[in-house]
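*Asks:* okay, sequence plus prediction incoming.
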Amino acid sequence: MIDIPREIIEQASAGNTDAFEKIYKAASGFVYNVALRITNNQQEAEEVTQDVFLKVYHNLRNFEFRSSLKTWVYRITANTALNAYKRISRVRNRTQDLESVENTMVFSEQADKDLIKHDEQKTNEAALALLLDRLNTDQRSCIVLREIEGLSYEEIARALKININTVRSRLKRAREAMAAFSQGGIVK
Amino acid sequence: MNCEKIKAVLMTDFMDNECSGAVQEEVVAHLKACGECRSFEQLLRRKVWQPFRAIKAVKPPEEIWQRIKDSIEAAQAPRVAPGWSRILDLLRGNYLSGWRPVFGISTVMVAILVTVLVVQSPLSRNRLVKESLQEKSDYLLSLHHSLTQDMNGDADFDTTIEHYFF
């Protein structure tokens, strides 16, 4: 995500929609991709993206430039996407609706056999979704911010409001879980 | 560093390029000498690092911005006509906010005064009492009249059964 000039932020906070569109163009790729990888659901990712930008717009006048807009957007995105993911998980655990599982790109071990039917990109996405599904929400948010958007440990710590060593330990556990799952021979 | 520590660094700082120069050199030297850690590093690259590199960034659908824009514009649009909004503001007390306690107290005082005047008025009280007494006495007189009629046998309800017997 690129840095956004202060004057654009000030214009957008005064209600200038064109200036806000510039912020959207600069940040929407990051927001959408993080939301997509955390929720593993295209429709939810769209909802999260919309929610994040409406939150940004309505709270922009209270933004005091103490931290960068980027960090603020990272934080709102991670929180909104994690809340959406928790909501989906609760519904999924309650209903165990196989149809909805199929619609959400989250693949079970049984569905892994069907992956060869998808094209390469779909297969890679499904394999990644399968790996991410092994992680808890804390590990998931850390690994997505690190691997999808390349945030540094310090940026992740600021975005999630956690200690830098907590970032390190969550990444370690996430990778341990992913490696252990891969060694089980399910992802080839 | 022993193998356990090397593996921990491989899964974090080494993989994420967050190592200091000295640690980086130590890990590289260890990997050259240790086959087990080298295999572990290759496993991490293949199974943990590579899946993220194999996917492309997805472009958000165009209609998201349109939905956001619509939502912002809907929130910005005035909900009532300007003329009505001024009247609503007046009713809400937005223009007279400083005078609100004064208006409140005076309204209560006027209400008490009116109640006292109505209750204390001798004219209204006498008239009401008179009318009530007159109504009651009229009703008692009518009852008395009908009872005496029954006792004298003058009562006639003009029904078929009366015509048959009498």
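*Replies:* Everything's here; your move.
*Asks:* in the helix ranked longest in chain A, what's buried?
*Replies:* What stands out as the longest helix in chain A, according to DSSP state H, is helix A:69-95. For helix A:69-95, a neighbour-count test (16 or more other CB atoms under 10 Å in any protein chain shown) marks A:69-70, A:72-74, A:76-82, A:84-85, A:88 as buried. Heads up, the C-betas are built off the backbone N, CA and C, glycines and all.
*Asks:* among the residues you listed, which two are most distant?
*Replies:* Greatest spacing in the buried residues of helix A:69-95, by CB to CB: A:Leu69 and A:Ile88 (28.0 Å).
*Asks:* which residue ranges form the helices in chain B?
*Replies:* Under DSSP H, chain B gives helices at B:3-9, B:21-33, B:35-44, B:50-53, B:63-76, B:82-92, B:100-120, B:122-151, B:160-165.
*Asks:* of the ones you listed, which approaches chain A most closely?
*Replies:* helix B:50-53 (4.0 Å; CB to the nearest CB).
*Asks:* is chain A contacted by that closest one?
*Replies:* Yes. Helix B:50-53 is in contact with chain A by CB under 8 Å from any CB of the partner chain, via B:Pro51, B:Phe52.
*Asks:* list the contacts of that helix.
*Replies:* A:Asn124, A:Ala127, A:Leu128, A:Leu131, A:Glu147, A:Ile148, A:Val187 (CB atoms under 8 Å, 6 or more residues apart in numbering or on different chains).
*Asks:* change it to 6 Å
*Replies:* Defining contact as CB atoms under 6 Å, 6 or more residues apart in numbering or on different chains, one finds that helix B:50-53 is touched by A:Ala127, A:Leu128, A:Leu131, A:Glu147.
*Asks:* and the pLDDT at the first one?
*Replies:* In other words, A:Ala127. The score at A:Ala127 is 85. That number is its pLDDT.
*Asks:* what sits closest to A:Arg37 if chain neighbours are left out?
*Replies:* Excluding the flanking residues, the one nearest A:Arg37 by CB to CB, 6 or more residues apart in numbering or on different chains is A:Val144, at 4.6 Å.
*Asks:* which residue is the nearest non-sequential neighbour of A:Asn163?
*Replies:* Nearest in space to A:Asn163, with sequence neighbours left out and distances taken as CB to CB, 6+ apart, is A:Ala157 at 6.4 Å.
*Asks:* helix, strand or coil for the one you found?
*Replies:* Under DSSP: H, G, I helix; E, B strand; the rest coil, A:Ala157 falls in the helix class.
*Asks:* and the gap between the residue nearest to the spatial centre of chain A and A:Arg173?
*Replies:* A centroid search over chain A (CA atoms, centre = their mean) returns A:Val34, at 2.6 Å, as the residue closest to the centre. Here A:Val34 is placed at a distance of 20 Å from A:Arg173 (CB to CB, to the nearest Å).
*Asks:* spell out which residues of chain B are next to chain A.
*Replies:* Chain B comes close to chain A at residues B:11-12, B:18, B:47-48, B:51-52, B:54-55, B:57-58, B:60, B:64-65, B:67-68, B:71-72, as judged by CB under 6 Å from any CB of the partner chain.
*Asks:* now B:Gln120: how far from B:Val114?
*Replies:* B:Gln120 is 11 Å from B:Val114, where distance means CB to CB.
*Asks:* now do A:Ser68
*Replies:* 65 Å.
*Asks:* neighbour count for these two, which is higher?
*Replies:* The neighbour count for A:Ser68 versus B:Val114, taken as other CB atoms under 10 Å in any protein chain shown, is higher for A:Ser68 (14 against 10).
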